[in-house]
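1. sequence below, structure please.
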Amino acid sequence: MKNSKKEYIKLYALLLIYSFIDMLFLRFTLFNGNLNGLISEAFLWVFLVLVIMTLIYEFLFRVLSDWRFINICLIGFIPLTVITLSLQYAVMNYFHSESINHNYLPDFGLFIRSIYLGTLIYLTYLGGKRDKLKTEQINALKNQQAELKIDLLEQQINPHFLFNNLSILTTLIDNNNKLKATRFLESFSNVYRYVIEHRSQDFIPLSMELKMADDYLLLMKERFENQFIFEMDLGNQVNNYFIIPNTLHILFENIFKHNMMNAKNPLLITMVLKDGSLRIENQKKAKKHKSVSTGVGLKNLSGRYQLLMGETTEVKDKEDSFQVNIPLIQNY
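-> Numbers count the residues shown, from 1 in each chain. Okay, the predicted model is just below:
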């Protein structure tokens, strides 16, 4: 059971309180009401015993991993309590035999440890409830992730994208440009094969995603000819990173959908890999007749990163540029 910092503070504050109570027990039973300057020694001994009991308890709980096995912990603590109390008496008797009441009954000491044990069981119960709630939250997130993947696939296989590229392919064939048509068809099939084959994967090597991006941009170059410029600076760390599949497809599609382009003033698109993040940025040249946008694509993408990495995409919508920073995972 992994406790938060606050839980540990509560637990060890409890240990200090029980150590003080147990020390009083030593004074009025084992030492006949007088510790004779042994207060700090007695307190440290009692605190050490309780810390050891707590560490053993936490080890058992991590091994058993389920609060339903509390009874097993309880069975283990009964002999542990007797052993620690007997050890405490033996040590005190060895070092301070002349000060000890050899006729004392350890009932009160057992009572103190029973209260401590009961408190631990209650904390375990609360931990079990927390773990159960965490499991339910994880299951809910998995269901949400499955829905996001379905939405993502539906968006990626966009009918307009399909029809536009088939139209371009038809034109190339009609113009008897076999070389361009063959290259275009190859890139077109690569993009769709990539979308279909990797739609169920959580992460994929960044190098594979970049290869898909090359094919996608080749399709766009044929469609928009010299109307955009693409620049990238990836350094030599590409092979060290992984990315969620089809991230670049969504981002590039968003760029070409919402920006106006022409050959005289090409749209600049840049991609930079730096400090474990991939930055895709483009100039903003809004179309006169803006395309209807629900923002679902970027929201779904951000949702997937939140689910799978615990991080979200960073969007910077400036006056003259639009930038998206994608967190990457290393050594997946």
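2. which SS class is Glu311?
-> Using DSSP: H, G, I helix; E, B strand; the rest coil, the structure places Glu311 in coil.
3. same deal with Thr270?
-> Thr270 ends up strand, using three-state DSSP.
4. could you number the chain from 761 rather than 1 from now on?
-> Fine by me, first position is 761 from now on; the one you just mentioned is Thr1030.
5. could you check the pLDDT of it?
-> On the pLDDT scale, Thr1030 is placed at 96.
6. low-scoring stretches of the stretch 861-1010 of the chain, by residue?
-> Applying pLDDT under 70 to the stretch 861-1010 of the chain flags residues 861-891, 904-920.
7. do that again at 90, thanks
-> Scanning the stretch 861-1010 of the chain for pLDDT under 90 picks out 861-944, 952-953, 955-962, 982-986, 995-997, 999-1000, 1006, 1009-1010.
8. strands of that one, start to end?
-> Taking DSSP state E, counting those that start in this stretch to define them, one finds strands in the stretch 861-1010 of the chain at 964-965, 988-993, 1001-1003.
9. most tightly surrounded among these?
-> Comparing these by mean neighbour count (mean count of other Cβ atoms under 10 Å), strand 1001-1003 comes out on top with a mean of 21. Quick note: C-beta positions are derived from backbone N, CA and C, even for glycine.
10. so what strands line up beside that one?
-> Strand pairing for strand 1001-1003, determined by DSSP bridges: strand 964-965 (antiparallel), strand 1089-1090 (antiparallel).
11. tabulate the ones you listed (CSV), appending distance to Gln1043.
-> Formatted as CSV, these follow (distance: least, Cβ to Cβ, whole Å):
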stretch, distance to Gln1043
strand 964-965, 29
strand 1089-1090, 29
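12. closest to Asn1000 out of those?
-> strand 1089-1090 (5.7 Å; Cβ to Cβ).
13. what does the closest one rub up against?
-> Phe963, Asn1000, Tyr1001, Phe1002, Ile1003, Gly1036, Met1069 (Cβ atoms under 8 Å, 6 or more residues apart in numbering).
14. that strand - what's its average pLDDT?
-> For strand 1089-1090, the mean pLDDT works out to 90.
15. the closest residue to Pro1026 other than its chain neighbours: what's it in contact with?
-> Excluding the flanking residues, the one nearest Pro1026 by Cβ to Cβ, 6 or more residues apart in numbering is Ile989, at 4.8 Å. Neighbour list for Ile989: Pro1026, Leu1027, Leu1028, Ile1029 [criterion: Cβ under 8 Å, 6+ apart].
16. out of the strands of the stretch 861-1010 of the chain, which is closest to Leu979?
-> Closest approach to Leu979 among the strands of the stretch 861-1010 of the chain is made by strand 988-993 (12.3 Å; Cβ to Cβ).
17. how about the nearest residue to Phe1012, chain neighbours excluded?
-> Beyond its immediate neighbours in the sequence, the residue positioned closest to Phe1012 (Cβ to Cβ, 6+ apart) is Tyr976, lying 5.9 Å away.
18. the one you found - how many residues pack around it?
-> Per other Cβ atoms under 10 Å, the neighbour tally for Tyr976 reads 22.
19. now do Arg959
-> Residue neighbour count, defined by other Cβ under 10 Å, stands at 15 for Arg959.
20. still on that earlier bit, select, out of the strands of the stretch 861-1010 of the chain, the one closest to Met1021.
-> strand 988-993 (5.5 Å).
21. alpha carbons only: can I get the closest one in PDB?
-> The C-alpha trace of strand 988-993 is given here as PDB (Å, rounded to 0.1, in the frame of the first residue of the first chain):
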ATOM      1  CA  PHE A 988       3.300  25.600 -48.500                       C
ATOM      2  CA  ILE A 989       6.900  25.100 -47.200                       C
ATOM      3  CA  PHE A 990       7.700  22.400 -44.700                       C
ATOM      4  CA  GLU A 991      10.900  22.700 -42.500                       C
ATOM      5  CA  MET A 992      12.100  20.400 -39.800                       C
ATOM      6  CA  ASP A 993      14.900  20.200 -37.300                       C
END
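22. you'd agree the residue nearest to Phe1012 is up against Leu1008?
-> Yes: with contact defined as Cβ atoms under 8 Å, Tyr976 counts as touching Leu1008 (7.2 Å).
23. quick one: the residue nearest to Phe1012 and Ile1089, what's the gap?
-> 22 Å (Cβ to Cβ, to the nearest Å).
24. swap in Gly1063?
-> 16 Å.
25. of the contacts of strand 1089-1090, closest to Asn950?
-> Scanning the contacts of strand 1089-1090 for proximity to Asn950, where the rule is Cβ to Cβ, the winner is Ile1003, at 17.2 Å.
26. what sits against the closest one?
-> So Ile1003 contacts Phe963, Ile964, Pro965, Leu966, Glu969, Leu1038, Ile1086, Leu1088, Ile1089 (Cβ under 8 Å, 6+ apart).
27. for Val811, state which of those is nearest.
-> Minimum distance to Val811 across these is 38.5 Å, recorded for Ile1089 (Cβ to Cβ).
28. so the closest one bridges to which residues?
-> Phe1002.
29. what about it, how many neighbours?
-> Other residues lying near Ile1089 total 17 when counted by other Cβ under 10 Å.
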